[in-house]
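Participant: what follows is a predicted structure for the sequence shown.
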Amino acid sequence: MSLTLYNTMTARKEIFEPLVPDTVTMYVCGPTVYNLAHIGNARPVVVFDTLFRLLQTQYDTVTYARNITDVDDKIIAAAREGERSIESVTTEFTAKYREDMAQLNALPPTLEPHATHNIDAMIALTRTLLEKGHAYESQGHVLFAVESMADYGKLSKRSLDDMLAGARVEVADYKRHPGDFVLWKPAADEDPGWDSPWGRGRPGWHLECSAMIRAHLGDTIDIHGGGRDLIFPHHENEIAQSRCAHGGDYVRYWMHNAYLDIDGEKMSKSLGNFHTVRDLLQSYRGEVLRFALLSAQYRSPLNFSGELLDQAQATLDSLYSTLREVQDVAVDMEVNLADEPFYHALNDDLNTPVAIAEIHALCKQLHKAVPGEKPALKGRILAAGNLLGILEQDAVEWLQNAATSDAISAAAIEALIEERQAAKLARNYARADEVREELLAQGVVLEDSREGTRWKRKSD
RNA sequence: GGCUCGGUGACAGAGUGGUCAUGUAGCGGACUGCAACUCCGUGUACGCCGGUUCGAUUCCGACCCGAGCCUCCA
């Protein structure tokens, strides 16, 4: 079973082979911790978490690093606006980010390097670039000279000429070439800063990833991921920094997810059309959000809406309903992944929609299975869920869990069910139906069976 | 303006040169005291116009429409 991944650098799917056998290094651009994560920010987290899970099924050691950017203009601005310290801002939003991502069933990454803990490595990298003639000092800044790199622009498939032609931005006068970017910039006295050979300052945006990847994962890593909008300039500039400083390959497979759309427009902080994960968690469980994010392949834009979430909720309900049917069936966890269609789908550049379709196919089989076949089918469904980070909860709890605190209690529901049962025994079907209607009005669906009546909540 | 990338049924979303994605919702039926669950069935979907082909949603070309990047942004 070989994993194929679409590599942005080569613009095609490639068979994945790690540099070091049985060992994978992966780095994903994490948050700048100055406000709450929105659901668009959650997409790469869920996507690469799924990849992390998949990689762990076939490699002994998978090191997954996701950075925390805790020094940045936006953080400084947020602190100033809130009249609070930088540290209190970054501490608060780092914690909230971790909480929110955990709600989405995202496993903690292996490493979570903080920019401010790696300043020395950034200074060292800047020094190397200066020594090798790829950077220059100008008006207190240290800048990377893009013209010093022959194949600058390779990842984003644009040339320096194209960039000049398309330039819409005023060029800072300390730049030799409009495409040159800051490695180190001077810090105002009241802003966070670190002593450096070029005076007190702080790192440019692109520097931290290059420096931290080298410090924590090595000169060459296998996978580097992030959103499409990071391709240029962020990742292009990371490549420039790392390749020019240390030579060799920086990243072997570049992966970029498409974004979430709202009404055909991308969801973004600057457009103001975003929903924070925290807000959405008021109305939907984290697993619903995760499922919605996985319902499209990661390189396709995904239309985000309440309807999408409602559909995700309904679909998960039906999958959990299937699992409830086999609640008392033992699980056969001896799943041969190599034979599983869902596993093939995931290995094909993380084709999660097809993997989900295969789960539906397994559910269909399970409904028709004779008892002897059920443990294996249950095991296969759970194995698929495990890779996708879904279906890991107790089915009855999932189906009976109240979305809101003002919903009717389980005890009240069960009391009414008993009353209805009595009415049915008395052949008082009018009253029995009345109870059914009463509960339905409160979002509770009753299911009669030979074993008795069970119930679930249905959101709509 | 430069550089990319898309347009699939009510909605979401795969995929393919020649029977079928799949799900949610809808409709019809079976089952049910009534329901729900489940099962069975069901919708002339592939932006538009040409071309290649025995055959194109799938390949090629033009056109229309949309999005993204070029500036902080997943």
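Facilitator: Happy to help now that I have it.

Participant: now the closest residue to RNA strand B within chain A: phi and psi?
Facilitator: Going by CB to the nearest atom of the strand, RNA strand B is nearest to A:G227 of chain A, at 1.5 Å. (Glycine included, C-beta is placed from N, CA and C.) Note on A:G227: backbone dihedrals following degrees, to the nearest 10 are phi -80, psi 160.

Participant: run a quick neighbour tally on it.
Facilitator: 20 (other CB atoms under 10 Å).

Participant: that one contacts A:Y259, correct?
Facilitator: Yes. When contacts are counted by CB atoms under 8 Å, A:G227 is listed as touching A:Y259 (6.1 Å).

Participant: so what's in contact with those two at the same time?
Facilitator: A:40, A:43 (CB atoms under 8 Å, 6 or more residues apart in numbering).

Participant: shaky segments in the stretch 151-300 of chain A?
Facilitator: A:164-171 (pLDDT under 70).

Participant: repeat that with 80
Facilitator: For the stretch 151-300 of chain A, residues meeting the criterion pLDDT under 80 lie at A:161-173, A:263-265, A:268-272.

Participant: show me which residues of it are close to RNA strand B?
Facilitator: By the rule CB under 7 Å from any atom of the strand, the part of the stretch 151-300 of chain A lying against RNA strand B is A:156-158, A:162-163, A:165-169, A:205, A:226-234, A:257-261, A:264-270, A:274, A:295-297, A:300.

Participant: could you do the stretch 1-150 of chain A as well?
Facilitator: Contact residues, the stretch 1-150 of chain A versus RNA strand B (CB under 7 Å from any atom of the strand): A:11, A:29, A:31-32, A:40-41, A:43-44, A:74.

Participant: how about a cut-off of 10 Å?
Facilitator: A:8, A:11, A:13, A:28-32, A:34-35, A:37-45, A:47-48, A:69, A:72-74 (CB under 10 Å from any atom of the strand).

Participant: ok so, going back, show the buried residues in the residues of the stretch 151-300 of chain A next to RNA strand B.
Facilitator: Using 16 or more other CB atoms under 10 Å as the burial test, those include A:156, A:158, A:163, A:205, A:226-227, A:230-231, A:233-234, A:257-261, A:266-268, A:274, A:296-297 as buried.

Participant: part of a helix, is A:L446?
Facilitator: No. Counting by DSSP: H, G, I helix; E, B strand; the rest coil, A:L446 is not found in a helix; it is strand.

Participant: quick one: it and A:V326, what's the gap?
Facilitator: 21 Å (CB to CB, to the nearest Å).

Participant: and if you look at A:G248?
Facilitator: As judged by CB to CB, A:G248 and A:V326 stand 52 Å apart.

Participant: next one: A:F16
Facilitator: 34 Å.

Participant: any idea how chain A splits into domains?
Facilitator: Using automatic domain parsing, the domain parsing of chain A gives A:4-257, A:300-398, A:407-457.

Participant: same list, these, but as TSV with distance to A:L280 please.
Facilitator: Shown next, in TSV, are the domains of chain A (distance: least, CB to CB, whole Å):
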stretch	distance to A:L280
domain A:4-257	6
domain A:300-398	7
domain A:407-457	18
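
Participant: can you tell me which of the residues of the stretch 1-150 of chain A next to RNA strand B are buried?
Facilitator: Buried subset of these (neighbour count, 16+ other CB under 10 Å): A:8, A:28-32, A:34-35, A:37-45, A:47-48, A:69, A:72.

Participant: which of these fall in strands?
Facilitator: Cross-referencing those against strands under DSSP state E gives A:V28.

Participant: take the buried ones among the residues of the stretch 1-150 of chain A next to RNA strand B and keep only those in helices.
Facilitator: Counting by DSSP state H, these place A:39-45, A:47-48 in helices.

Participant: which members of the residues you listed are the farthest-apart pair?
Facilitator: For these, the maximum inter-member distance is 15.6 Å, found between A:I39 and A:F48 (CB to CB).

Participant: in the stretch 51-200 of chain A, what residue spans correspond to strands?
Facilitator: In the stretch 51-200 of chain A, the segments counted as strands under DSSP state E, counting those that start in this stretch are A:61-66, A:135-138, A:141-144, A:181-186.

Participant: quick one: which of those strands is nearest A:A150?
Facilitator: A:A150 lies closest, by CB to CB, to one member of the strands of the stretch 51-200 of chain A: strand A:141-144, at 14.1 Å.

Participant: average pLDDT for that closest one?
Facilitator: Averaging pLDDT along strand A:141-144 yields 94.

Participant: same thing with stretch A:388-397?
Facilitator: 96.

Participant: just the CA trace of stretch A:297-311, in CSV.
Facilitator: Output of stretch A:297-311 as CSV, limited to C-alpha atoms (Å, rounded to 0.1, in the frame of the first residue of the first chain):
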residue,chain,number,x,y,z
GLN,A,297,-11.1,16.5,-0.4
TYR,A,298,-8.6,18.9,1.1
ARG,A,299,-7.5,20.5,-2.2
SER,A,300,-11.1,21.4,-3.1
PRO,A,301,-12.8,24.5,-1.8
LEU,A,302,-15.5,23.7,0.6
ASN,A,303,-18.7,25.6,0.7
PHE,A,304,-19.3,26.3,4.3
SER,A,305,-22.8,26.9,5.7
GLY,A,306,-25.3,26.0,8.4
GLU,A,307,-26.8,23.6,5.9
LEU,A,308,-23.4,21.8,5.5
LEU,A,309,-23.2,21.4,9.3
ASP,A,310,-26.7,20.2,9.5
GLN,A,311,-26.0,17.6,6.9
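
Participant: so for it, what gets flagged as buried?
Facilitator: Neighbour counts over stretch A:297-311 (16+ other CB under 10 Å) mark A:297-298, A:302, A:304, A:308-310 as buried.

Participant: the residues you listed in helices, which ones?
Facilitator: Residues of these located in helices (DSSP H): A:308-310.

Participant: so A:Y320 touches A:W398, yeah?
Facilitator: Yes. Here A:Y320 reaches A:W398: they are 4.5 Å apart, a contact under CB under 8 Å.

Participant: what ranges do the helices span in the stretch 151-300 of chain A?
Facilitator: Along the stretch 151-300 of chain A, counting by DSSP state H, counting those that start in this stretch, helices occupy A:160-166, A:207-216, A:236-246, A:277-283, A:286-294.

Participant: which residues touch the residue lying closest to A:L281 once chain neighbours are set aside?
Facilitator: Nearest residue to A:L281, sequence neighbours excluded (CB to CB, 6 or more residues apart in numbering): A:Q103, at 5.8 Å. Counting by CB under 8 Å, 6+ apart, A:Q103 touches A:277, A:281, A:286, A:289.
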